[in-house]
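Chemist: need the 3D shape of this:
(one chain, ligands or ions: 2)
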Amino acid sequence: MAPDSTLITGIGELVTNGPGAADRGGFAAITDAALVISGGKVAWTGPAARAPAADSALDAAGRAVLPGFVDSHAHLVFAGERSAEFAARMAGRPYTAGGILATVRATRSASDGALRANLRRLAAEMLAAGTTTLECKSGYGLTVADEQRGLALAAEVTPEVTYLGAHVVPPEFAGDRAGYVDLVRGPMLAACAPLSRWIDVFCERGAFSADEAAAVLAAGRAAGLGARVHANQLGPGPGVRVAAEAGAASADHCTYLTDADVDTLASAPMVATLLPGAEFATRHPYPDARRLLDAGAAVALATDCNPGSSFTSSMPFCIALAVRDMRMTTQEAVWAATAGGARALRRTDIGHLGAGARADLIMLDAPSHTYLAYRPGVPLVAAVWQGGRLVSGRL
Ligand code: NIG
Ligand code: FE
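Modeler: Numbers count the residues shown, from 1 in each chain. Ligands and ions are numbered 1, 2, ... in the order given. Model (predicted):
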């Protein structure tokens with residue numbers, strides 16, 4: 001093999017997601033397997049008995065190896081916390097988008113250093129739990145300078161940076177929604193597009209209407225950004241339709257769907273990204289993943305990590321919720337948290353362990369992927385490799 005190759009052998013179950021991993025639902029795994037990493041990429045996978053020699057070798061001793069999780073939806077640039085709001089919800093108060101403004105106030109007044117420290121802490125938490133790629137949105141700044149600052153910080157931890165100036169209308173524009181939409185798709189976009197890969201809009205009652213969202217997404221597309229949409233989170237609405245019309249890579253949340261929305265998700269080249277941490281923490285009903293999968297839609301799972309509606313950074317927690325409460329099989333949930341997330345980010349180099357993929361992988365302290373749901377809440381991720389480098393954990 002090429003210089004500095006590493007053989008991991010004795011793998012009880014190797015989840016590869018197969019060659020057509022970007023296809024809808026292509027979970028695949030090999031038992032009694034081995035994998036060779038070389039040059040930061042996966043060089044070979046197959047039965048342990050047929051493994052080629054490498055410069056170094058390590059024995060997984062029957063443990064499972066999976067692609068690293070791809071968390072395709074997170075809001076990590078913020079200051080402060082909203083535990084009192086969470087406690088009030090658990091005592092019966094409903095979730096409203098209005099809580100976002102409390103985080104906007106705290107974020108605007110925080111120093112760069114404080115925002116960076118919080119962001120890095122959360123990114124490190126994600127990595128230790130097996131997330132090797134994360135997407136990160138702005139959206140708690142809502143001025144040109146604060147959105148720009150949030151995106152520049154996000155770019156320090158990931159290339160998957162998303163401009164979310166259209167999160168909510170900030171208080172200084174309360175009497176001038178149109179003025180804020182013009183800012184978001186005009187000067188704010190011009191300042192933020194060079195720092196971003198994606199543009200997102202919260203299309204929901206209490207946030208942005210279908211027309212407003214479409215205008216923002218069209219401007220973002222014209223500036224070279226890919227589209228994503230917060231859609232149908234808190235009630236039925238136009239989000240999924242707006243996402244499809246904008247050619248979005250992903251419609252996220254998808255909690256309240258009509259049959260027409262499900263048809264749209266199944267036929268558009270778009271992923272339905274489900275965020276069960278949000279339903280957990282807002283006491284909304286979980287989205288029905290089975291209905292989407294049976295219709296032929298591609299489903300991703302992500303954390304939505306943010307201080308208001310879903311303050312978890314754990315993809316294993318989301319997998320467990322999806323299996324227990326969203327009618328996903330363990331295979332479907334793991335595919336959604338890896339290859340599904342990659343597809344939602346239009347990436348083919350991650351989310352699977354086919355030859356040539358980035359060597360982003362995790363080893364569990366367990367013999368199979370099933371344990372991620374079978375042992376909920378237990379930190380099973382023993383080791384994490386990113387680009388072939390061991391970056392977290394114990395062997
Ligand atoms: O995805 N829905 C909009 N944005 C976040 C909530 C953010 C917040 O409550 O601070 C979400 O759930
Ligand atoms: Fe979100």
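
Chemist: pull out the buried residues from stretch 79-88.
Modeler: For stretch 79-88, a neighbour-count test (16 or more other Cβ atoms under 10 Å) marks A79, G80, R82, E85, F86 as buried. C-betas here are computed from N, CA, C, even on glycine.

Chemist: and the third one, backbone torsions?
Modeler: Geometry field for R82 lists phi and psi as phi -130, psi 50, criterion degrees, to the nearest 10.

Chemist: thought it was touching G308?
Modeler: Yes. Taking contacts as Cβ atoms under 8 Å, R82 lies within contact range of G308: 5.2 Å.

Chemist: where do the contact lists of the two overlap?
Modeler: G99, A102, T103 (Cβ atoms under 8 Å, 6 or more residues apart in numbering).

Chemist: which one of these has the most neighbours?
Modeler: Counting neighbours by other Cβ atoms under 10 Å, T103 leads those with 22 neighbours.

Chemist: give the contact list for that residue.
Modeler: F78, A79, G80, R82, Y140, N306, P307, G308.

Chemist: hey, what's the closest residue to G356 other than its chain neighbours bridged with?
Modeler: Leaving aside its sequence neighbours, G356 sits nearest to K41 (Cβ to Cβ, 6 or more residues apart in numbering; 6.0 Å). Following DSSP bridges, K41 is listed with bridge partners S38, R358.

Chemist: how close does K41 get to ligand 1?
Modeler: From K41 across to ligand 1, the span is 33 Å (Cβ to the nearest ligand atom, to the nearest Å).

Chemist: go on, G139?
Modeler: Where ligand 1 is concerned, G139 sits at a distance of 7 Å (Cβ to the nearest ligand atom).

Chemist: go on, C192?
Modeler: Taken as Cβ to the nearest ligand atom, the span from C192 to ligand 1 is 17 Å.

Chemist: that residue - that's part of a helix, no?
Modeler: Yes. Looking at C192 with DSSP: H, G, I helix; E, B strand; the rest coil, it is inside a helix.

Chemist: next, count neighbours for it.
Modeler: C192 - counted by other Cβ under 10 Å - has 27 other residues nearby.

Chemist: tell me the helix or strand right after the top helix by length along the chain.
Modeler: The longest helix of the chain (DSSP state H) is helix 112-128. Heading C-terminal from helix 112-128, the first helix or strand you meet, by DSSP states H and E, is strand 131-137.

Chemist: near ligand 1, which residues of the chain?
Modeler: Within the chain, the positions near ligand 1 by Cβ under 6 Å from any ligand atom are 75, 99-100, 103, 202, 230, 233, 278, 304, 306, 308-310.

Chemist: quick check: phi and psi on A339?
Modeler: Backbone geometry at A339, expressed as degrees, to the nearest 10, gives phi -60, psi -30.

Chemist: distance of the closest residue to it other than its chain neighbours relative to ligand 1?
Modeler: Counting by Cβ to Cβ, 6+ apart, G351 is the residue found nearest to A339 once chain neighbours are left out, at 3.9 Å. Using Cβ to the nearest ligand atom, G351 is found at 22 Å from ligand 1.

Chemist: can you pull the contacts of G351?
Modeler: Applying Cβ under 8 Å, 6+ apart, we find G351 in contact with N17, A21, A22, P67, V70, T338, A339, G340, G341, A342, R343.

Chemist: tell me the SS of it?
Modeler: Secondary structure assignment for G351 (three-state DSSP): coil.

Chemist: how near is it to A298?
Modeler: Relative to A298, G351 is positioned 12 Å away (Cβ to Cβ, to the nearest Å).

Chemist: so the residue lying closest to R327 once chain neighbours are set aside is in which element?
Modeler: Of all residues not flanking R327 in the chain, R290 sits nearest, at 3.5 Å (Cβ to Cβ, 6+ apart). Per DSSP H and E: R290 is located in helix 289-295.

Chemist: packing partners of whichever helix or strand comes after that helix?
Modeler: Next helix or strand after helix 289-295 toward the C-terminus (DSSP H and E): strand 298-301. Counting contacts by 3 or more Cβ pairs under 8 Å, 6 or more residues apart in numbering; DSSP states H and E, strand 298-301 is packed against strand 271-274, helix 289-295, helix 315-325, helix 341-344.

Chemist: so can I have CSV of those showing mean neighbour count?
Modeler: Supplementary listing: those in CSV, determined by neighbours: other Cβ atoms under 10 Å:
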stretch, mean neighbour count
strand 271-274, 31
helix 289-295, 18
helix 315-325, 23
helix 341-344, 29
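
Chemist: mind putting those into TSV with mean pLDDT?
Modeler: Output for the helices and strands packed on strand 298-301, formatted as TSV (pLDDT from 0 to 100):
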stretch	mean pLDDT
strand 271-274	98
helix 289-295	97
helix 315-325	98
helix 341-344	97
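
Chemist: turn those into a markdown table, columns for distance to T158.
Modeler: A markdown table is the format used below for the helices and strands packed on strand 298-301 (distance: least, Cβ to Cβ, whole Å):
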| stretch | distance to T158 |
| --- | --- |
| strand 271-274 | 16 |
| helix 289-295 | 26 |
| helix 315-325 | 15 |
| helix 341-344 | 12 |
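
Chemist: and T370, which of those is closest to it?
Modeler: Closest to T370 of the helices and strands packed on strand 298-301 is helix 315-325 (Cβ to Cβ; 8.8 Å).
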